[in-house]
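Visitor: Next input, structure requested:
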Amino acid sequence: MAPSVSPAEHRAMEAAAHGKSNLGIPKKVGEEFVRADKKAADELAPNAAIPAGVRRKQAFDAELRTLYVNRPLKNADAVLAWAKEAGFTKTLPPGDMHVTIAFSKEPIDWNAAPDGFDTEIVPASKDQKDGARSVEKLGAEGAVVLRFESTDLASRWQQFRRAGASWDHDGFKPHVTITYDAGDVDLSKVVPYDGPLEFGEEIFAEVDTGWADKVKKNLQATDSAILALDKDSVRSFDRDGRMRVAIANISKEQIRPYRGIEIPGWDNEKKVHALGLDPDEIYNLYCPGEELEKAAATFNGIQLLRKHTPVNADDHKKNDIVGTTGTEAKFRAPFLQNSLVIWTKEGIDFIESEDQKELSCGYHYVPVMTPGTFKGEAFHGRMTELAGNHVTLVGDGRAGPECQVEDSAVELQWAAIERAVMGMVA
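Guide: Numbers count the residues shown, from 1 in each chain. Okay, the predicted model is just below:
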């Protein structure tokens, strides 16, 4: 078996060897490539005293870069609930909560350490042999953190250190930052969160020396319904250049205007609406929070598109796909939120250039034309039985519902595409 010919191929084969291939590569094939890669690296540097990272750099001629590696906290809501109960009035938003495993200001070969693919679950304190936890201030920036122990994370930190990563602190102290503003809370009296901590897969990025100031600006009130999302604190890039957005508002509880022809029930042949609606009249439809909450799971793992168009398994619009939504969709009033991965350079450039930075959803729904009011504003009907179809990057979501329903949405009995503001990617 010939060795990998590039870092990207090596990582793909590492993933396959761990049973994590997204490309359908058999585990056995991945294992064979990994063995071949190791042999090739050893042959290039047979001296055992030469670090593995140097050997792999010789094999792949990798670029040296600073390295920041973290694992996002997937059950941040549980920790935030504890923090509020403990008396903290300001905390980091859930998308900022993570554990840092590497923070190398010295440039290194990102391929030098083995890949870490799996999620990491730190058991509840009572289930850990050494489960001591504490709430304390840590570092010069005044971070208030939840300290915990994890032999797996400590071993991973050691792997990065052996690969050449620098570290500016005394030893590895795994922690999750809760806030930079403890207010009047007496930390000595706070009982640490003792539940499990579930961390997602590793995220690679280059070191941002101004990270602390950006995170501090992102503190939210613990009773706030709206999360303040600073783009530099929620965006990161993995080692292959894909953009990862830890949390984004993808939809919102609100009243939205639609023409009758855009509302499901229009018969394009007979030119009549099943609900008796005037095709050209504007109807204000209320999208309730409880409906978004019920539909949250349907917004997991759906296409992120560069333009609005309905998709399905037979016609998934491969040329318009720029990424995908994550698997953590949740309604936090008034927003439906999820993580995002932007795969293509086109999509990343759209976001960073500010040309297309807002999000707009396309979905199925069943209209119930019963009037009412929401926050003092009258509406004609409610949107019920929501189901996500796709999410789109748009340049300006404020133009109203200018959707081309007759092109395909009506045929599918699919909801008119909403173009009201759904929140910022940033």
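Visitor: Poorly predicted segments of the stretch 151-300 of the chain, please.
Guide: 211-234 (pLDDT under 70).
Visitor: What ranges does it have for its helices?
Guide: Along the stretch 151-300 of the chain, counting by DSSP state H, counting those that start in this stretch, helices occupy 151-162, 211-216, 231-234, 289-295.
Visitor: center of the protein - which residue?
Guide: Note on the chain: the residue nearest the mean C-alpha position is Ser339, at 2.7 Å, using C-alpha atoms, centre = their mean.
Visitor: Excluding sequence neighbours, find me the nearest residue to it.
Guide: What sits nearest to Ser339 in space, not counting adjacent residues and going by C-beta to C-beta, 6 or more residues apart in numbering, is Gly326, at 3.2 Å. C-betas here are computed from N, CA, C, even on glycine.
Visitor: so the one you found touches Asn338, yeah?
Guide: Yes. Using C-beta atoms under 8 Å, Gly326 is in contact with Asn338, at 5.1 Å.
Visitor: Look at these two and report which has more neighbours.
Guide: Ranked by neighbour count (other C-beta atoms under 10 Å), Gly326 and Asn338 place Asn338 first, with 26 against 21.
Visitor: For that one, pull up the helix or strand it's in.
Guide: Asn338 belongs to strand 335-342 when assigned by DSSP states H and E.
Visitor: What's the mean pLDDT across that strand?
Guide: In this model, strand 335-342 carries a mean pLDDT of 90.
Visitor: I'd like the next helix or strand past that strand.
Guide: helix 345-352.
Visitor: mean confidence for the very next helix or strand once past that next one?
Guide: Scanning forward in sequence from helix 345-352 by DSSP H and E, the next helix or strand is strand 358-368. Averaging pLDDT along strand 358-368 gives 87.
Visitor: any idea how far strand 358-368 is from the chain center?
Guide: Its chain's C-alpha centre and that of strand 358-368 lie 21 Å apart, by C-alpha atoms, centre = their mean, to the nearest Å.
Visitor: That one vs helix 345-352, what angle?
Guide: 90 degrees (axes from the mean of the first three to the mean of the last three C-alpha atoms, to 10 degrees).
Visitor: Who are the contact partners of the residue nearest to Ser339?
Guide: Residues in contact with Gly326 (C-beta atoms under 8 Å, 6 or more residues apart in numbering) are 300-301, 338-341.
Visitor: run the last query once more with 7 Å
Guide: 300, 338-341 (C-beta atoms under 7 Å, 6 or more residues apart in numbering).
Visitor: cool, and Phe204?
Guide: Applying C-beta under 7 Å, 6+ apart, we find Phe204 in contact with 67, 69, 110, 238-239.
Visitor: what about 8 Å?
Guide: 67-69, 110, 236-239.
Visitor: In PyMOL, how would I select just the buried ones from those?
Guide: One line in PyMOL is enough to select the buried ones among those; burial here means 16 or more other C-beta atoms under 10 Å:
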select buried, resi 67+68+69+110+236+238+239
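Visitor: Return the residues in contact with Ala205.
Guide: Contacts for Ala205 (C-beta under 8 Å, 6+ apart) come out as 67-69, 236-238.
Visitor: which two from the contacts of Phe204 end up farthest apart in space?
Guide: Farthest-apart pair in these is Trp110 and Ser236; separation 13.5 Å (C-beta to C-beta).
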